[in-house]
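# give the three-dimensional model of this entry:
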Amino acid sequence: MSASIHDPATAQLNAQLKPLISDLTDHRAPVYWIDLLASMAVFWGAFALSFGSSVGRGLRLAAFVVAVLALYRAATFMHELAHLPQSRLPGFRWAWNLLCGIPLLLPSFLYYSHLNHHSTRLYATVGDPEYLAFGTHPQHSWRTLLIGALLSPLLLALRFAVLVPLAWLLPPLRRWLNVYFSAVAIHPRFQDRMPERTRRRKERCIAEPLTTLYLWLVVAACLVGWLPLSAVAAFAACAVCVLLVNAVRTRYAHRYAYNDESVSHTAQIEDSVTLDYGAWFALLAPVGLRFHALHHLFPHLPYHALATAHHRIVQSTLSAAEIYRRTCRSHSKPSVLVLSDER
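Next comes the predicted model:
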């Protein structure tokens, strides 16, 4: 399957659909801050309850599920940060890193390679860290994603506890880490060969030693008995469950129909999937990820605007809207609102 990178459909999509969402591009700081802080508060409250010896096993299990979903929502802001302009939401990036990214061993600089996933030159190629040809090789998809989710915590611990301190002493190891071990990726042959962006380098220089320090402090606290191993194991279990839920979501985020070939922006959108099953589905695809095809159509839209943008487009009779509607999976077809092509 192939497609031209430059096609009239891409220009038509932008020309017709951008006016529908032009008023939705502002990042609303209170929404971001309240959402992140509330998610982390719910996580720690539910996590503490799941340890409670005075509550029943059923309630503890329910609290653990709530803790996983709340931590998953907070962690998913990593995706939003990759697209967030540096001048927007001052302080939010480092608040997320300190509250969530560093404790999960996933500081935000590891996710800047996500921008490759939106490139018409790199999408679905070996330069895309988040794409494999699952559509043409479906038997490999679940094995790859689930094994990756289970191994990721161990690999991240190895990176920050061992390889990062060694890299401070060995410059060749530093260069190897930058290329082969500094990106969230499912593609086993992905190499981060893009020039390191200035803000990514600045973030790495701060967040990387902080993550290493945090990890060794946790180890030291366990060794001297200040931190119960059971608490660390429970937190690790939450993190693994978060990664497993995200692996399932990732499997349904695209049709994965291409195999190491550049495609047009329109083909990229048509290869993506919006899961329009209602607001409750935000539990499994939080922070706007259920509108995945829409995100590939307009990556600059903040997550809190995606639901509104989605409903405007699916209700439109503009010819370009039909391309987007074909990406949507839902229980029922949306009603159609008549809008003129001149809008």
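# please, where are all the strands along this protein?
Counting by DSSP state E, the chain has strands at residues 274-276, 328-330.
# name the residue closest to the centre of this structure, please.
Nearest to the geometric centre of the chain sits His79, at 3.9 Å (C-alpha atoms, centre = their mean).
# just to revisit the earlier point, now, of the strands of the chain, which is deepest in the fold?
Among these, strand 274-276 has the highest mean neighbour count (mean count of other C-beta atoms under 10 Å), at a mean of 24. In short, each C-beta sits where N, CA and C put it, glycine included.
# need the contact partners of that one.
Contacts of strand 274-276 with the rest of the structure, by C-beta atoms under 8 Å, 6 or more residues apart in numbering, involve 252, 281, 285, 290-294, 310, 314, 324, 327-330, 334.
# Glu322: neighbouring residues, count only.
If you count neighbours by other C-beta atoms under 10 Å, Glu322 ends up with 12.
# and the pLDDT at it?
Here, the pLDDT recorded for Glu322 equals 90.
# so it versus Gln268, what's the distance?
17 Å (C-beta to C-beta, to the nearest Å).
# same deal with Leu227?
Taking C-beta to C-beta, one finds Leu227 at 45 Å from Gln268.
# so which of these two has more stuff around it?
Shown here are Leu227 and Gln268; by other C-beta under 10 Å, Gln268 has more neighbours (25 against 15).
# the more buried one touches Arg121, doesn't it?
No - assessed by C-beta atoms under 8 Å, Gln268 is found out of contact with Arg121, at 10.9 Å.
# related to what we said a few turns ago, what is the nearest of the contacts of strand 274-276 to Ala70?
Relative to Ala70, the closest of the contacts of strand 274-276 is Ala285; by C-beta to C-beta it sits at 14.7 Å.
# you'd agree that closest one is up against Arg249?
Yes - using C-beta under 8 Å, Ala285 is in contact with Arg249, at 5.1 Å.
# who has more neighbours out of these two?
Neighbours were counted for Ala285 and for Arg249 using other C-beta under 10 Å; Ala285 has more, 23 against 20.
# now for the more buried one: which residues touch it?
Arg249, Leu275, His292.
# so what touches stretch 178-198?
Stretch 178-198 is contacted by residues 78, 106, 109-114, 116, 126-132, 144-145, 148, 159, 163, 204, 250 when judged by C-beta under 8 Å, 6+ apart.
# one more: stretch 288-297?
Contact partners of stretch 288-297, identified using C-beta under 8 Å, 6+ apart, comprise 13, 17, 76, 79-80, 118, 249, 253-254, 268-270, 272-277, 281-282, 284-285, 301-304, 306-307, 309-310, 313, 324, 327-328.
# cool, stretch 10-25 as well?
By C-beta under 8 Å, 6+ apart, stretch 10-25 touches 264-266, 269, 297-298, 300-302, 305, 308-309, 312-313, 316, 318-321, 323-324, 339, 341, 343.
# buried ones only from these, please, as a ChimeraX command.
Typed into ChimeraX, the line below selects the buried ones among the contacts of stretch 10-25, using 16 or more other C-beta atoms under 10 Å:
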select :264,265,266,269,297,298,301,302,305,309,312,313,316,318,320,321,323,324,339
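# neighbours of Val219, how many?
Per other C-beta under 10 Å, the neighbour tally for Val219 reads 14.
# mind checking how far it is from Thr144?
The gap separating Val219 from Thr144 is 30 Å, by C-beta to C-beta.
# and if you look at Pro129?
Distance from Pro129 to Thr144, by C-beta to C-beta: 13 Å.
# neighbour count winner among these two?
Set Pro129 next to Thr144 and count neighbours by other C-beta under 10 Å: Pro129 wins out with 21 against 18.
# what's the closest non-adjacent residue to the more buried one?
Closest residue in space to Pro129, ignoring its immediate chain neighbours: Ala185 at 3.4 Å, by C-beta to C-beta, 6 or more residues apart in numbering.
# can you get me a residue count around that neighbour?
By the criterion of other C-beta under 10 Å, Ala185 has 24 neighbours.
# show the pLDDT at it.
We have a pLDDT of 94 for Ala185.
# state the distance from Leu217 to Ile102.
Between Leu217 and Ile102 the distance, using C-beta to C-beta, works out to 11 Å.
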